[in-house]
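Undergrad: Build me a model:
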Amino acid sequence: MKSIGILGSTGSIGVQTLQVIDTFPGEYKIKYLTANQNVKQLAEQALKYNPDTVCIVQEELKDELESILKNTNISISCGRKALLELAGRNDVELVMNGLVGAAGMEPTIEAVKSGVDVALSNKESMVMAGGIINDLLKTNSCNLFPVDSEHSAIWQCLKGENTCEIKRLILTGSGGPFRTKPKEKFSSITLEQALQHPNWDMGNKITIDSATMMNKGLEVIEAYWLFGVTSSQIDIIVHPESIIHSMVEFVDGSVKAQLGVPDMKLPIQYALTYPDHYSTDWENLDLTAIGRLTFEKPDFEKFPCIQLAYDALEKGGTFPVVLNVANDEVVSAFLNDHIPFIQIPQLIAEALDQHEFIENPDLETISEISQWTTNYIHEQITTFA
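TA: Sure thing, here's the model as predicted:
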């Protein structure tokens with residue numbers, strides 16, 4: 001029985017991770033679960049899976065959680081510090097990091113420091129601190145298993161291959177809800193429209209990242225750190241059907257692709273069962289029912305966030321940190337109706353231009369530049385409002 005901890009168990013990835021675990025009774029022992037503020041769902045999960053510990057990050061909700069779990073032996077903790085302490089426990093074999101945004105970086109680092117394998121859905125960890133995390137993985141002899149469907153696809157395509165024979169990685173993307181919408185109509189985009197992803201069922205933040213196509217930009221940076229290629233070896237192709245999850249082209253011109261229905265349970269399951277593929281009753285891919293697969297070049301002019309990410313990767317240092325944190329903040333502002341959709345890339349670009357560049361940031365510097373970026377974006381949003 002494999003022991004596992006789940007960071008962000010009430011979010012989209014966390015919930016689907018538990019659905020996968022339900023499919024394999026007796027295979028996994030849940031050691032801990034964490035949530036930011038969804039106390040009722042966390043309590044329901046705790047009662048079902050009986051973990052050793054649960055953590056609610058919003059400290060004012062601890063009393064409510066204790067009240068629901070008062071007749072159990074489950075240990076209850078709260079706050080950001082407690083979350084990081086759980087992430088650093090070495091009595092689990094695998095940590096599923098399903099946290100969203102920059103807040104997921106430190107828990108990844110704590111887990112790796114403890115020598116525990118990490119199933120990583122939090123792409124922001126690698127965007128902000130990819131070099132640091134890679135060094136820690138070597139030092140602590142543990143593994144990182146990508147959960148993003150695109151990076152899981154590349155990981156699977158590279159199994160048994162010589163990475164020095166990679167010509168390029170091809171990240172596919174649906175193009176989001178505004179793939180065919182004329183750029184001149186972007187000023188009228190509503191929150192409701194932006195949250196209508198054509199294929200995937202994801203949390204709100206990631207759904208907006210898909211609408212701006214920043215998710216592809218962040219995935220380019222993540223792929224750079226995960227697979228040891230240059231930025232010029234990473235391409236993006238718009239694939240509206242979301243059936244091919246990504247591809248690898250080798251130096252001889254051959255291309256390997258990983259296909260499947262657009263369901264995050266598949267890459268989650270592979271991260272949990274690696275190196276094996278377990279049989280399940282998930283929906284199977286029927287190419288005859290789909291009929292055809294289509295591909296387009298991404299529109300960098302309509303979706304400037306992609307170019308912002310490529311530029312941040314090329315410049316390196318603190319640029320990806322600012323890109324990531326600024327995106328977190330402006331997406332939150334859009335979700336709370338503080339800025340229009342078209343303001344998202346504009347504010348990110350301003351933060352990148354205005355920040356004080358540092359070439360080789362350590363964790364303290366990353367924290368400082370993250371705070372600067374948060375403050376800067378908040379000031380700009382206030383001015384805009």
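Undergrad: phi, psi of V255?
TA: Here is the backbone geometry of V255 (degrees, to the nearest 10): phi -130, psi 130.
Undergrad: which ones are touching it?
TA: Taking Cβ atoms under 8 Å, 6 or more residues apart in numbering as the criterion, V255 is in contact with 170, 247-249. (C-beta placed from N, C-alpha, C; glycine too.)
Undergrad: Just the strands from the chain, written as ranges.
TA: Ranges of strands in the chain, per DSSP state E, are 2-7, 28-35, 53-56, 75-78, 94-97, 117-120, 144-146, 166-173, 234-238, 244-250, 255-259.
Undergrad: can you put the ones you listed in TSV and add distance to G228 and mean pLDDT?
TA: Formatted as TSV, the strands of the chain follow (distance: least, Cβ to Cβ, whole Å; pLDDT from 0 to 100):
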stretch	distance to G228	mean pLDDT
strand 2-7	26	98
strand 28-35	31	98
strand 53-56	34	98
strand 75-78	37	97
strand 94-97	21	98
strand 117-120	16	98
strand 144-146	13	98
strand 166-173	9	98
strand 234-238	11	98
strand 244-250	13	98
strand 255-259	17	98
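Undergrad: Out of the ones you listed, which gets nearest to E356?
TA: strand 234-238 (27.5 Å; Cβ to Cβ).
Undergrad: can you pull the pLDDT of W372?
TA: pLDDT, W372: 98.
Undergrad: Relative to N360, how far out is it?
TA: Per Cβ to Cβ, to the nearest Å, W372 is found 17 Å from N360.
Undergrad: returning to what we had before: now, among the contacts of V255, which is nearest to I234?
TA: Nearest to I234 among the contacts of V255, with distances taken as Cβ to Cβ, is I170, at 8.2 Å.
Undergrad: bridging residues for that closest one?
TA: D235, M247 (DSSP bridges).
Undergrad: number of nearby residues for it?
TA: Per other Cβ atoms under 10 Å, the neighbour tally for I170 reads 23.
Undergrad: Which of W372 and N360 has more residues huddled nearby?
TA: W372 (18 against 9).
Undergrad: any idea how far H338 is from Q380?
TA: 11 Å.
Undergrad: give the contact list for V248.
TA: 154, 157-158, 161, 166, 168-170, 255-257.
Undergrad: So among those residues, which ones count as buried?
TA: 154, 157-158, 166, 168-170, 256-257 (16 or more other Cβ atoms under 10 Å).
Undergrad: measure the residue nearest to G260 when sequence neighbours are not counted to V127 for me?
TA: The shortest distance from G260 to any non-neighbouring residue, by Cβ to Cβ, 6 or more residues apart in numbering, is to L266 (5.2 Å). For L266, the distance to V127 (Cβ to Cβ) stands at 23 Å.
Undergrad: neighbour count winner among the two?
TA: V127 (27 against 23).
Undergrad: Quick check, pLDDT for the more buried one.
TA: Per the predicted model, pLDDT is 97 at V127.
Undergrad: That one touches I221, doesn't it?
TA: Yes - V127 is within contact range of I221, at 4.6 Å (criterion: Cβ atoms under 8 Å).
Undergrad: so Y270 touches H277, yeah?
TA: Yes - counting by Cβ under 8 Å, Y270 touches H277, with 6.8 Å between them.
Undergrad: list the contacts for N134?
TA: Per Cβ under 8 Å, 6+ apart, neighbours of N134: W225.
Undergrad: Just give me the neighbour total for G115.
TA: G115, neighbours per other Cβ under 10 Å, totals 13.
Undergrad: Same check on N327?
TA: 32.
Undergrad: my guess is it contacts N215, does it?
TA: No - contact criterion Cβ under 8 Å: N327 and N215 do not qualify, at 9.6 Å.
Undergrad: which residues do the two both contact?
TA: Joint contacts of N327 and N215 (Cβ under 8 Å, 6+ apart) are D209.
Undergrad: And for L285, the neighbour number?
TA: Applying other Cβ under 10 Å, I find that L285 has 14 neighbouring residues.
Undergrad: Quick check: it vs A129, distance?
TA: Applying Cβ to Cβ to L285 and A129 gives a distance of 35 Å.
Undergrad: again with V95
TA: Taking Cβ to Cβ, one finds V95 at 16 Å from A129.
Undergrad: Tell me which of those two has more neighbours.
TA: The residue with more neighbours, out of V95 and A129, is V95; 28 against 25, by other Cβ under 10 Å.
Undergrad: that older thread, neighbour count for Q380 and H338, which is higher?
TA: The neighbour comparison of Q380 against H338 (other Cβ under 10 Å) goes to Q380, with 21 against 15.
Undergrad: Now the more buried one. Nearest residue, chain neighbours left out?
TA: Q380 sits nearest to L347 (Cβ to Cβ, 6+ apart), 5.6 Å away.
Undergrad: quick one, what contacts that neighbour?
TA: 326, 330, 339, 377, 380-381.
Undergrad: Could you report the neighbour count for V261?
TA: Look at V261: counted by other Cβ under 10 Å, it has 16 neighbours.
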